[in-house]
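A.B. asks: kindly generate the corresponding structure for this input.
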Amino acid sequence: MSGTHPPRTPRALDVAVRAHAKLGEGPTWDAARARLIWVDILTSRVHTFDPATGARTVLVTEQHVGAAKPREGGGLVVNLRDGIGLFGPEDADAGTGADAGAVPRRAFSWLHRDPVPGRRGNDAAVAPDGALWAGSMRYDEAAGGGVLARVTGDGTVRTVLPDVTISNGTGWSPDGRLMYYIDTPTGRIDVLPFDGHDVDVARRRPLAEIEESAGYPDGLTVDAEGCVWVALWDGAALRRYTPDGALDRTVPLPVRRPTACAFGGPGLRDLYVTTALTGADPARQPLAGSLLVLPDAGQGLPQPVFAG
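C.D. replies: Numbers count the residues shown, from 1 in each chain. Modelled structure (predicted):
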């Protein structure tokens, strides 16, 4: 058995940021700044939200942005349409505001630029060793059109999983010995042995399979008990699976297309959920595109920052 604790009763779901993100994605807790980072892929925007003050910022990128993660020493690494880019820290005089009107000024450079026609960056995650595991997909969602690649701080890129269709959730067990991964159309959460730097692709296996009627697995996060939380696109719910693959909990959501989840806030106890307005009827789903939060949902893991 997994040895997980009995499910807690979290406080009621709340709205962290009422927004109209076409394709909200990639929530990440930035511990150094005590704020959440998330993106709206299709409007090329990186958002930040400080839950203590309500302060928000928006950074506009020149390309669709699949993910944004903190870097060592400040700044962001971003998974863009044409490759991996770096933003420096915000200028000291850049303002912030609860109305999200602030536009941080940052220096930008390419770490690795390799445009592939018809393809863009999608979800990404930082491994325990500080490398970025960056996924991609084709705009037309053609089978096998994307990859999952490992990117180091010096710009070295190695394709780990080729022939991926919609590369999505990636995360690691608390001891760093397992990597969890989702290629959405497979309907699975897969698990692969991880040696600190690489995975054993030959030993990839399903941790859990999501029935089609429940939606499609999208982004994921791993909690301190080693359980995997997954957002179900078209499923209007989050699920929590134990380390042995048993369904432990289902959290219904007021939006049909949640995209990803991450723990943040004081003590990493609040579970943030990004959502998509695309494909939703705003009259029936007024919160579609907003950033939601489930307070006191559990205990998250500190997230590594990109070593570059």
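
A.B. asks: quick one: end-to-end length of stretch 15-24, please.
C.D. replies: Here the two ends of stretch 15-24 are set 14 Å apart, with distance taken as C-alpha to C-alpha, to the nearest Å.

A.B. asks: now that stretch: mean pLDDT?
C.D. replies: Averaging pLDDT along stretch 15-24 yields 98.

A.B. asks: cool, stretch 201-220 as well?
C.D. replies: The average pLDDT for stretch 201-220 rounds to 98.

A.B. asks: for it, which positions count as buried?
C.D. replies: Within stretch 201-220, the residues that qualify as buried are 207, 208, 210, 214, 215, 216, 217, 218, 219, 220, counting by 16 or more other C-beta atoms under 10 Å. (Each C-beta comes from the backbone N, C-alpha and C, glycine too.)

A.B. asks: please report how far the last one lies from residue 286.
C.D. replies: By that I understand residue 220. From residue 220 across to residue 286, the span is 26 Å (C-beta to C-beta, to the nearest Å).

A.B. asks: of the buried residues of stretch 201-220, closest to residue 65?
C.D. replies: Comparing the buried residues of stretch 201-220 against residue 65 with C-beta to C-beta picks out residue 219 as the nearest, at 14.7 Å.

A.B. asks: who's in contact with that closest one?
C.D. replies: Shown in contact with residue 219 (C-beta atoms under 8 Å, 6 or more residues apart in numbering): 25-27, 123, 168-169, 182, 230-231, 259-261, 274.

A.B. asks: not counting sequence-adjacent ones, nearest residue to it?
C.D. replies: Leaving aside its chain neighbours, residue 219 sits nearest to residue 260 (2.4 Å; criterion: C-beta to C-beta, 6 or more residues apart in numbering).

A.B. asks: wait, is that neighbour part of a strand?
C.D. replies: Yes. The assignment for residue 260 (DSSP: H, G, I helix; E, B strand; the rest coil) places it in a strand.

A.B. asks: quick one: it and residue 169 touch, right?
C.D. replies: Yes. Between residue 260 and residue 169 there is a contact under C-beta atoms under 8 Å: 6.8 Å.

A.B. asks: overlap in contacts, those two.
C.D. replies: 123, 218, 219, 220, 221, 231.

A.B. asks: just to revisit the earlier point, want to throw the contacts of residue 219 into JSON lines with neighbour count?
C.D. replies: Listed next are the contacts of residue 219 as JSON lines, based on neighbours: other C-beta atoms under 10 Å:
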{"residue": "25", "neighbour count": "26"}
{"residue": "26", "neighbour count": "27"}
{"residue": "27", "neighbour count": "29"}
{"residue": "123", "neighbour count": "29"}
{"residue": "168", "neighbour count": "31"}
{"residue": "169", "neighbour count": "27"}
{"residue": "182", "neighbour count": "29"}
{"residue": "230", "neighbour count": "30"}
{"residue": "231", "neighbour count": "30"}
{"residue": "259", "neighbour count": "27"}
{"residue": "260", "neighbour count": "28"}
{"residue": "261", "neighbour count": "26"}
{"residue": "274", "neighbour count": "33"}
